[in-house]
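Student: coords please:
(chains A and B, ligands or ions: 3)
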Amino acid sequence: MAISRRDLLKGVASGGLLLASGISPVEAAMSNELPPQAVGILYDATLCIGCKACMVNCKQSNCQPGGALYREGMKSPPYESKGPKGNEGIWDAPQELSGKTLNIIKVYKNGTGENKDTAVNGYAFFKQQCLHCVTPACASVCPAGAFKKDPENGVVSYIEGKCIGCRYCQLACPFGVPRYEWDAAWPAVRKCQLCNHRYKEGKFSACAETCPTGATIFGKVRELREEARRRLALKPGTEYAFPIQTLASREKNRRPVAKYADGVYGLNEAGGTQNMMLSGISFELLGFSKDIRKSALPDLTWAYIAKIPWVFAGVFLGGTTIYKITHRGDKGDSHD
Amino acid sequence: MIDVEKYVGPRLGGVIRKLMNTEHSDHLGITMKTPFTLVLVVLICGAAVAAIYRLIFGIGPASNLSDLWPWGLWIAFDVLGGVAMAAGGFLIAAAVYILNWKKYKCICRASILNAFFGYLLAAISICLDIGRSFVIWHPMVMWQVNSIMFIVAIHVVLYTSTLATESSPMVFEKLGMNRALDRVNRLMVGIVLFGVLLSLLHQSSLGAVYLIAPGKLSPLWYSTYLPYMFLVSAIMMGISMVSFETLLTGKVFNHEPPREVVLGLARGVLITGGVYFAMKIGHLITGPGFGAVLDGSFLGNLWLLEMAVGVVLPLVLLSFRSVRTNFDRIFMVNILVIVGVLQNRLNVGIFGVSEFATRAGGDYFPSTMEWMLTVGMIAFAILGFKVCAKYLNLFPETHH
Ligand code: SF4
Ligand code: SF4
Ligand code: SF4
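Tutor: Ligands and ions are numbered 1, 2, ... in the order given. Modelled structure (predicted):
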């Protein structure tokens, strides 16, 4: 080989430079801590009457400037009127979360469906939306950094201008939340952003604002967790004053406490979420998977990523050494 | 011959004339005007139509993907499969330039070129798969080091350029650009080393893409060792691919595949296949257990299929000397390995998430557009390789 040591080192060094620039931002492993002013929603399925007022207000409010569904020049909110038969463009009837719907109330039904919040021969309502994970998988996987978790209030929001549409967020979110605008030529991802565009005006989540029974309430996550635990500790049948809209609200819904199944959904799921749920029947029956890890998902990936600098070092050192050994006394041989 | 200089001027004309010169490959007897070429061209046109349709109307109308199946054929086959098929490039380059195993030098150019086409397949498909193709450069400026997808993207770009650089001597040589040729050659070892690094990371990071989804990918495939299983299977498949293509070019072009090389590659498949087999069985024992694949379920059968075709059968066959030393039999084994590992990638990328998706109410079968693009891209790779074999000095040793 007519290659000199200097040339070799030059090649290695130029590669090394490239990678050095690649490793420097590696301090960026995600935090697993709940942000100081974290806000969220507590949804108590035993209070939900399935009126879907939250869905209406969610869609309307998020089509205001800054909202998660807002598009410049939009004339009306993106209604989905194709669902049930006989509804040709009459009312908004989404069947699933979608690029047009950030929040949905669904019903569980079994047998005769007589008793509310009962697994057998009963029915129950439940709410799907983004849970605002403490360590969001969606934000960790996005190659363009199009998801951001607010360091103060912990809201996970989406920056449309950055997204390239790879849909890795959809694969990564353990709750199946992010939805894509499949019918658009220049599509965006859509998901609940906890109505963060309304905080400036002193308002809060539109769904909590409009919920008539206090099934959906907005508040500080730490306080909501306490409230959830308090409810779980109450004896079924005793009367309790459930706050409406927010925890601190003076308006209450006085009624007997139902029997809760399981614990609080969202305390540990995927490392904890800022939205939490309580239910009278097990969450699994409501379609919330039991397989979800009880620790932060991005840690799984980080374990791999953290090894990369070592691979860099190993390959360059090992490769150079091997090269030197195998090319000892190997001179004048032409190479192509 | 057409007088190109007359149409495009003397300088460009000279370049074209040099490029069109096929003296060095005449002995290979490659003819371009065949019905097969015509079929390839038709398929490529089909892919172009699909690509344009996709760019104009969006990913939704062009594909059968949905919120519950965000990734389909393009990711599972073109990207996961295409990249795995390309593993031969870095292996042979490393064997020749780093380990100084001179006998593999004669297939070095061909395997690097093959890798280049594999990556091209992946890169173009990614471009079209993402919903906003025209901003594909975003990750390059919006760094997000937590994301495996970011790492994958960076690697595709860097490694495709690395492969292009590794292949460039063939073109420079052809054009008589000696200065450039010299420069690339002098940096070759560094470039190759860089390519090895990128490949190790890239092959494994494609497996790491799924680390975040333990609740979605079936436990038959999900493992924290998935990145390493991807790497080892890619190496096994990469070697098979190189061997396959060496034997194939030997069959269709007039050129005798170097015996020592083919036998060496077969040994390589045997060794890496053994390691991969141990990893897969180890994962099965420590993870889902034998019951999970033997219960006759759809996914269990797919696991068995992938293992039987891609690993067990090849290993058993290669353990016979009579197979290991016979060109035609090695050729068959190579096909088995390639099909088996591709099946593995489809299992991970499509079937492995099906249980989650169907539980949530989704269903997926690739659309016509998706098929057209994938098939057309494969045709493009075959035709591209053929063209390069004709117009570039792809098999330097066969001169003598
Ligand atoms: S629920 Fe899904 S979309 Fe919402 S923050 Fe968590 S990972 Fe992201
Ligand atoms: S689809 Fe957009 S938001 Fe989701 S991971 Fe890809 S680039 Fe990020
Ligand atoms: S917080 Fe806002 S965006 Fe989210 S579900 Fe409620 S109303 Fe919709």
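
Student: can you give me the helices for the stretch 101-250 of chain A?
Tutor: Secondary structure of the stretch 101-250 of chain A by DSSP state H, counting those that start in this stretch: the helices cover A:137-141, A:168-172, A:206-210, A:221-233.

Student: And for the longest one, what's in contact with it?
Tutor: When you say that, I think you mean helix A:221-233. Helix A:221-233 is contacted by residues A:34, A:38-42, A:44, A:154, A:217, A:219, A:240, A:247, A:257, A:260, A:263-264, A:267, A:274, A:276, A:278 when judged by Cβ atoms under 8 Å, 6 or more residues apart in numbering or on different chains. To be clear about C-beta, it is placed using only N, CA and C from the backbone, and glycine gets the same treatment.

Student: Which ones among these lie within strands?
Tutor: A:Val39, A:Gly40, A:Ile41, A:Leu42, A:Asp44, A:Ile217, A:Gly219, A:Tyr240, A:Gly263, A:Val264, A:Met276, A:Leu278 (DSSP state E).

Student: out of these, who has the most neighbours?
Tutor: Within the ones in strands among the contacts of helix A:221-233, most neighbours by other Cβ atoms under 10 Å in any protein chain shown means A:Ile41, with 31 neighbours.

Student: give me the residue from the stretch 101-250 of chain B nearest ligand 3.
Tutor: Here the stretch 101-250 of chain B gets closest to ligand 3 at one residue, B:Gly131, 21.7 Å apart by Cβ to the nearest ligand atom.

Student: With adjacent residues omitted, what lies nearest to that residue?
Tutor: In this structure, B:Gly131 finds its nearest non-sequential neighbour in A:Gly165, 2.5 Å apart by Cβ to Cβ, 6 or more residues apart in numbering or on different chains.

Student: Enumerate every residue touching the one you found.
Tutor: Counting by Cβ under 8 Å, 6+ apart, A:Gly165 has contacts A:Tyr180, A:Pro187, A:Ala188, A:Val189, B:Ile59, B:Ile130, B:Gly131, B:Arg132, B:Ser133.

Student: does the residue of the stretch 101-250 of chain B closest to ligand 3 really touch A:Tyr180, like I thought?
Tutor: Yes - with contacts counted by Cβ atoms under 8 Å, B:Gly131 reaches A:Tyr180, the gap being 6.8 Å.

Student: Could you tell me which residues touch both of those two?
Tutor: Joint contacts of B:Gly131 and A:Tyr180 (Cβ under 8 Å, 6+ apart) are A:Gly165, A:Arg167, A:Pro187.

Student: and the second one, how many neighbours does it have?
Tutor: Around A:Arg167 sit 24 other residues, with neighbours defined as other Cβ under 10 Å.

Student: Surely it touches B:Gly131?
Tutor: Yes - look at A:Arg167 against B:Gly131 with Cβ under 8 Å: they come within range, at 7.1 Å.

Student: Any chance you could list residues touching both of the two?
Tutor: Common neighbours of A:Arg167 and B:Gly131 (Cβ under 8 Å, 6+ apart) are A:Tyr180.

Student: Would you reformat the helices of the stretch 101-250 of chain A as CSV and include mean pLDDT?
Tutor: CSV is the format used below for those (pLDDT from 0 to 100):
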stretch, mean pLDDT
helix A:137-141, 94
helix A:168-172, 95
helix A:206-210, 97
helix A:221-233, 96
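
Student: does stretch B:210-220 come close to ligand 2?
Tutor: No - using Cβ under 6 Å from any ligand atom, we find that stretch B:210-220 stays clear of ligand 2, coming within 10.9 Å at best.

Student: End to end on that stretch, go ahead and measure it.
Tutor: 13 Å (Cα to Cα, to the nearest Å).

Student: any residues touching that stretch, and which ones?
Tutor: Here stretch B:210-220 has contacts from A:137, A:140-141, A:171-172, A:174, A:289, A:291-293, A:297-298, A:300-301, A:303-304, B:148, B:221-222, B:224, B:226-227, B:284, B:287-288, B:292-293, B:299-300, B:303, B:347-348, B:351-356, using Cβ under 8 Å, 6+ apart.

Student: in the stretch 101-250 of chain A, what residue is nearest chain B?
Tutor: Nearest residue of the stretch 101-250 of chain A to chain B, counting by Cβ to the nearest Cβ: A:Gly165, 2.5 Å away.

Student: Before we move on, what's the pLDDT of that residue?
Tutor: Looking at A:Gly165, its pLDDT stands at 94.

Student: Now look at the helix or strand harbouring B:Asn114 and say if it contacts ligand 2.
Tutor: In this structure, B:Asn114 sits in helix B:105-129 according to DSSP states H and E. No - Helix B:105-129 does not reach ligand 2 (Cβ under 6 Å from any ligand atom); its nearest approach is 10.7 Å.

Student: Counting neighbours, what do you get for the nearest residue to A:Ala296 once chain neighbours are set aside?
Tutor: Once flanking residues are discounted, A:Ala296 sits nearest to A:Gly271: 3.2 Å by Cβ to Cβ, 6+ apart. Neighbour count of A:Gly271, defined by other Cβ under 10 Å: 22.

Student: thought A:Gly271 was touching A:Pro136?
Tutor: No - using Cβ under 8 Å, A:Gly271 is not in contact with A:Pro136; the gap is 9.2 Å.

Student: Would you mind listing the residues in contact with residue 125?
Tutor: Let's take chain A. A:Ala45, A:Cys48, A:Ile49, A:Gly50, A:Ile105, A:Lys106, A:Val107, A:Tyr108.

Student: hmm, I had chain B in mind actually
Tutor: So B:Ser125 contacts B:Trp74, B:Ile75, B:Asp78, B:Val79, B:Gly82, B:Leu373, B:Thr374, B:Met377 (Cβ under 8 Å, 6+ apart).

Student: Among the residues you listed, which lie within strands?
Tutor: Checking the contacts of B:Ser125 against strands, none of them qualifies (DSSP E).

Student: Closest one of those to A:Lys235?
Tutor: Distance to A:Lys235 across the contacts of B:Ser125 (Cβ to Cβ) is lowest for B:Ile75, with 52.2 Å.

Student: Leaving out chain neighbours, which residue sits closest to the closest one?
Tutor: B:Ile75 sits nearest to B:Gly349 (Cβ to Cβ, 6+ apart), 5.6 Å away.

Student: That neighbour contacts B:Ala76, doesn't it?
Tutor: Yes - B:Gly349 lies in contact with B:Ala76 (Cβ under 8 Å); the separation is 2.6 Å.

Student: Those two - which one has more neighbours?
Tutor: More crowded of B:Gly349 and B:Ala76, by other Cβ under 10 Å: B:Gly349, with 25 against 22.

Student: ok, residue 169 - how many residues close by?
Tutor: Picked chain A for this. Neighbour tally, A:Cys169, other Cβ under 10 Å: 28.

Student: hmm, I had chain B in mind actually
Tutor: With other Cβ under 10 Å as criterion, B:Pro169 counts 22.

Student: next one: A:Asp291
Tutor: 11.

Student: any idea how far B:Val348 is from ligand 1?
Tutor: 21 Å (Cβ to the nearest ligand atom, to the nearest Å).

Student: excluding its backbone neighbours, what's nearest that residue?
Tutor: B:Trp221 (5.0 Å).

Student: and A:Thr246, how far is that from A:Phe218?
Tutor: Distance, A:Thr246 to A:Phe218, using Cβ to Cβ, to the nearest Å: 5 Å.

Student: Neighbour count: the two, which is higher?
Tutor: A count of neighbours by other Cβ under 10 Å puts A:Phe218 above the other of A:Thr246 and A:Phe218, at 24 against 18.
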